[in-house]
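Asks: Got a predicted structure plus its sequence, pasted below:
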Amino acid sequence: MVKAYLRYEPKSSFGIISSPACNTVFDADARYAVCPALSDVIVWDAKKGVQIVRWYDTDSKAQVTCIARSPNKVDFAVGYSDGSVRIFNLKSQTTDVVFNGHRNAVTALAFDPTGTILASGSRDTDLILWDVVGEAGLFRLRGHKDEITRIAFVPDRVLLEQLRLGAADLSSLAAESRGYLITSSKDTLVKVWDLQSRHCVQTLVTHRSEVWSLAISPDYRILVTGSSEPTLKVWKLELDRLHYADKKDPAAMQGEEAQADVGKLEVAIEYGSLTRHSRERVQQLMFHPSGAFLMCASADRSVELWRVREHDEIRKKIARRLKRQREKLKKAAGGDVSKEEDQLPHSADDMEIQVADELTPYQVIRARTKVNSVEFSPAEADPITLRRQGHARVLLALADNTIEVYNIALPPKGSSRQNPPQDPQSAYVLDRFGHRSEPRVLALSNDNELIASASNGTLKVWNSVTNACLRTMECGQAMCAAFLPDDQYVLVGTKKGKLQLFNIPSSTLVEEYDAHAGTCWSMHVQFDKKGVVTGGGDKEVKFWDFELTSSQSSTAGPGALARRRLTLVHSRTLKMSDEVLCVRFSPDMKLLAVALLDTTVKVFYADSLKFFLSLYGHKLPVLSMDISSDSTLLVTASADKNVKIWGLDFGDCHRSLFAHQEAVTAVQFVWGTHYFFSAGKDRVVQQWDGDKFVRIQKLEGSFGEIWALAVAKHGNFVVASSQDRAIRIWEKTDEPLFLEEEQERELEEMYESGLAASLDRAQREAGISIERHGSDDEGGGNADVDELGMAGKQTMETLKAGERIIEALDLADEERKKWADYERDVARGLHVAPPSKNPVLIAMGNVEPARHVLQVIERVRPSDLEDALLVLPFTKVLSLLPYIDLWAQK
């Protein structure tokens, strides 16, 4: 009989406020912060510290890499590391649209001013435009040689006027793809694309290193680009001068003639440069929605702000400068300066405005750690509202898993030297729901209701059911931790060799002990609940007993009752030959296992501490180990990627398993069984059968090395913490799992991923060859014809959708053929029985064959329909055409 196991499924993930691989944005009203949380997106009310909603797609396991807000105020575009883009709706809290077109991580997203067109850039160097309303890809633009870092739309004058007048129907204008698109890339280039001709019309080549960001002023007048250089490049966008030499449409021109005219188009004209104070590269550039400020975040802790002067203020400054120049000339020439004065402009209107006149340094925000992304509040676009509010709000997503909102005071009306503005003030911080650094230690309470996680400097206690953070306490750099028997205390071992005893109800550090001269690597509470054993880098194993002591508050009166609290008393010490990495008691309290740095495991009698067994066979040190509940098996996890199962009767190695692709960091048995879980630096948790020596299940989902693992008492759930700062819970379900089916499923996933990649590669190569063939036929040999391509790509979803369409066509053709034969026989006067209807059509509601084909096509996502139809062979395309004609007639 085939043995069945129970499957574990992901239950929850917590501990992430804002992951560092993506930007964080405000919602349209600046009430909520939309933050990436690895594969999910969390909407936080940062002021109240409350999670509003968590967006996730069960079909996606990729990490979020980019977020963009739509002008319609409710939609957010989210890009993923697998190249997909999803549109989430803030009101309905659903995934409305999914786009698949990129072959690598999406790094830039931008909506056009109408919110109907979305542009996405990727590490695959391609730029794709999507129709959000039609849920389909428009076209692909190629030209960059490296990752695209930023995208910005520049509408033409017609669309700008319609936007200013508040036209009701802007989708028709957007559908015509009017305007321009500006992109920056790591290939040091900034490109300007004409959306009507779908070609690159200008390339800015002034940067000498990767261009990391760009920003366009709200009035589409100024373009700022930033790289690793100490200066920002500023450009003027001359929309009134956008014209071709002879007013021809470039789409209607051919070959060299088109290229000659396109080359004469100048969108961006160099304006000047701004000097930055930071020596690190530019992280992000952004204009305030009202156009009052320019913000530059560097790849360090600084965020620099420039103030954008108004036109009248600029003229006054130029007039003062002109006056100083004349006074300087008079002083140098002794009063006779008629000739020199003739060379100077007569008035401020005659002088050319420079970048320094329009953009002046204002303030610098110094964050407490590295800045990942920044954004101004989008609700401050109205200058009157901004002036009434008195300050501008800036959202900072920091590298230590926190988000912070700053208030930037507006410049005073008087002279800034006499009345300087206030320094940026932190309004509120959201840092409670996650660790500042990766949690390397996990511990479960005895009733499995509490989870303790510890990192460098922080100990947090979580509710295992609701995932709420109950307590936060400061600690040392934690290396191990454990709940004490009454679940009121948590004991933490630190890198400096100290033991810190924390009281959970009061959130206080009760006592600190100098336990080891080196790092305290491991601890284990005795199963008789009388003490704890610790092992450290000082080559010692120390035994501590629990005792209750009386303590009285210094402020209490003489008649007050003394409180009794738990304390530790050192009882015994066991000297070892090398550093101790892990210690474990057997559940029957007869044996003590000690793992050493010399790759061996020593087993001692727990009562007398006499030597019993020496287990050797690992090539690298054992990082973790555990003993089964019946005290018969010992499992060891090593940095040599192997897990070994030992018998504790004679110390024989039952089996050595190549468990992970990287070092195995944690292992633990399920109580009452010989099943155990292992975790490694390969980002995977795996379940094993210790009797049959087979892997049961692989638990994926982590985006970093897994450092700690905890299993509930009877295996009801598994908890793991990883380098990505997330704490994940997998819960045991009632769904049976069979080993053969699990192996077949894994093989199918490998085959499907390889098949989709090969199909997409073949489609791309075919498209490129067709484009090159077309350019050769036209005689131009034009390399820029390759700039344009199809938007979509082949995925397993499109392949399966195409197969379903083929099956529906086969069924419908067969059904129509049966009825055609029946009608022909009846016309001949033959008495034949009518054919029976296909069971599939009856099950679908007794539908007609043509209706069945239409229903199958309607179930395909509009964004996948074009690629799904490309799967059809030519014979099936001919079969589909009569149905299209029939649908059109009806």
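Replies: It's in. Residues are numbered from 1 along each chain as shown.

Asks: tell me which helix or strand of the chain sits lowest on mean pLDDT?
Replies: One helix or strand of the chain scores below all others by mean pLDDT, DSSP states H and E: helix 255-262, with a mean of 46.

Asks: Run me through the strand neighbours of the helix or strand following that helix, direction for each.
Replies: Where DSSP states H and E defines the elements, the next helix or strand beyond helix 255-262 is strand 268-275. As defined by DSSP bridges, the strand partners of strand 268-275 come to strand 231-237 (antiparallel).

Asks: Check the offset of the partner strand from the chain's centre.
Replies: Relative to its parent chain, strand 231-237 has a centroid offset of 30 Å by Cα atoms, centre = their mean, to the nearest Å.

Asks: Next: stretch 16-29.
Replies: 9 Å.

Asks: Helices of the stretch 201-350 of the chain, start to end?
Replies: Remark: helices assigned in the stretch 201-350 of the chain by DSSP state H, counting those that start in this stretch are 255-262, 311-333, 338-343.

Asks: Quick one: mean pLDDT for the shortest one?
Replies: Model confidence over helix 338-343, given as mean pLDDT, is 54.

Asks: ok, and for the helix or strand just after it, which residues are buried?
Replies: Downstream of helix 338-343, the first helix or strand assigned by DSSP H and E is helix 355-358. For helix 355-358, burial by neighbour count (16 or more other Cβ atoms under 10 Å) applies to 355, 357-358. No exception for glycine: its C-beta is placed from N, CA and C like everyone else's.

Asks: And stretch 27-46, by the same measure?
Replies: 27-28, 30, 32-44, 46.

Asks: Which ones among those map onto strands?
Replies: If you go by DSSP state E, those have 33-37, 40-44 in strands.

Asks: now these in JSON lines, with pLDDT and distance to A452?
Replies: Shown next, in JSON lines, are those (pLDDT from 0 to 100; distance: Cβ to Cβ, whole Å):
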{"residue": "A33", "pLDDT": "94", "distance to A452": "28"}
{"residue": "V34", "pLDDT": "95", "distance to A452": "30"}
{"residue": "C35", "pLDDT": "95", "distance to A452": "25"}
{"residue": "P36", "pLDDT": "95", "distance to A452": "26"}
{"residue": "A37", "pLDDT": "94", "distance to A452": "21"}
{"residue": "D40", "pLDDT": "93", "distance to A452": "24"}
{"residue": "V41", "pLDDT": "94", "distance to A452": "28"}
{"residue": "I42", "pLDDT": "95", "distance to A452": "23"}
{"residue": "V43", "pLDDT": "95", "distance to A452": "28"}
{"residue": "W44", "pLDDT": "94", "distance to A452": "24"}
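
Asks: for N407, what are its contacts?
Replies: N407 sits next to 391-394, 424-427 when contact means Cβ atoms under 8 Å, 6 or more residues apart in numbering.

Asks: what bits of the stretch 701-850 of the chain have low per-residue confidence?
Replies: 756-757, 759-786 (pLDDT under 70).

Asks: For it, just list every one of the strands.
Replies: 706-711, 717-722, 727-737, 788-789 (DSSP state E, counting those that start in this stretch).

Asks: Sheet partners, orientation included, of the longest one?
Replies: Strand pairing for strand 727-737, using DSSP bridges, gives strand 5-14 (antiparallel), strand 717-722 (antiparallel).

Asks: just those strands: most buried one?
Replies: Highest mean neighbour count among the strands paired with strand 727-737 (mean count of other Cβ atoms under 10 Å): strand 717-722, with a mean of 24.

Asks: quick one, it and strand 706-711 angle?
Replies: Computed with axes from the mean of the first three to the mean of the last three Cα atoms, to 10 degrees, the direction of strand 717-722 lies at 170 degrees from that of strand 706-711.

Asks: Any idea how many residues pack against the closest residue to G537 other than its chain neighbours?
Replies: Spatial nearest neighbour of G537, chain neighbours left out: G518 (2.6 Å); criterion: Cβ to Cβ, 6 or more residues apart in numbering. Close neighbours of G518, defined as other Cβ atoms under 10 Å, add up to 15.

Asks: G518 is in what secondary structure piece?
Replies: When elements are assigned from DSSP H and E, G518 belongs to no helix and no strand.

Asks: what sits against it?
Replies: Counting by Cβ under 8 Å, 6+ apart, G518 touches 497, 536-539, 579.

Asks: and if you look at A4?
Replies: Contacts for A4 (Cβ under 8 Å, 6+ apart) come out as 736-738.

Asks: what's the answer for E662, then?
Replies: E662 makes contact with 641, 680-682, 705 under the criterion Cβ under 8 Å, 6+ apart.

Asks: Going by distance to S586, which of the residues you listed wins?
Replies: Among the contacts of E662, G680 lies closest to S586 (Cβ to Cβ), at 24.9 Å.

Asks: List the beta-bridge partners for the closest one.
Replies: Counting by DSSP bridges, the residues bridging with G680 are V664.

Asks: okay, now it: neighbour count?
Replies: Neighbour count of G680, defined by other Cβ under 10 Å: 26.

Asks: correct me, but it touches V667?
Replies: No - the pair G680 / V667 is not scored as a contact, 9.5 Å apart, by Cβ atoms under 8 Å.

Asks: Mind listing the shared neighbours of the two?
Replies: Residues touching both G680 and V667 by Cβ under 8 Å, 6+ apart: A637.

Asks: Including distance to L596, could the strands paired with strand 727-737 go into CSV?
Replies: Below are the strands paired with strand 727-737 laid out as CSV (distance: least, Cβ to Cβ, whole Å):
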stretch, distance to L596
strand 5-14, 33
strand 717-722, 25
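
Asks: Please name whichever of those is nearest to L410.
Replies: Closest approach to L410 among those is made by strand 5-14 (38.6 Å; Cβ to Cβ).

Asks: That closest one vs strand 40-45, what angle?
Replies: Counting by the same axes, to 10 degrees, strand 5-14 points 40 degrees away from the direction of strand 40-45.

Asks: Show the average pLDDT along strand 5-14.
Replies: Strand 5-14 shows a mean pLDDT of 93.

Asks: Compute the inter-axis angle for it and strand 33-37.
Replies: Here strand 5-14 points in a direction 140 degrees away from that of strand 33-37 (the same axes, to 10 degrees).

Asks: just how off-centre is strand 5-14 within its chain?
Replies: Counting by Cα atoms, centre = their mean, strand 5-14 is centred 21 Å from the centre of its parent chain.

Asks: Give me the contacts around it.
Replies: Strand 5-14 has contacts (Cβ under 8 Å, 6+ apart) with 37-38, 40, 433, 462, 467, 675, 687, 689, 696-697, 699, 701, 717-718, 726-739.

Asks: make it 6 Å
Replies: With contacts defined as Cβ atoms under 6 Å, 6 or more residues apart in numbering, strand 5-14 is touched by 467, 696, 699, 701, 726-733, 735, 737.

Asks: Are any of the residues you listed buried, and if so which?
Replies: 467, 696, 699, 701, 726-730, 732, 737.

Asks: Go through these and say which is closest to L214.
Replies: A726 (32.0 Å).

Asks: circling back to that earlier point, let me have the contacts of A4 in TSV, adding distance to G101 as columns.
Replies: Shown next, in TSV, are these (distance: Cβ to Cβ, whole Å):
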residue	distance to G101
P736	39
L737	36
F738	37
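
Asks: Which one of the strands paired with strand 727-737 lies nearest to I806?
Replies: Smallest distance to I806 across the strands paired with strand 727-737 (Cβ to Cβ): 32.6 Å, for strand 5-14.
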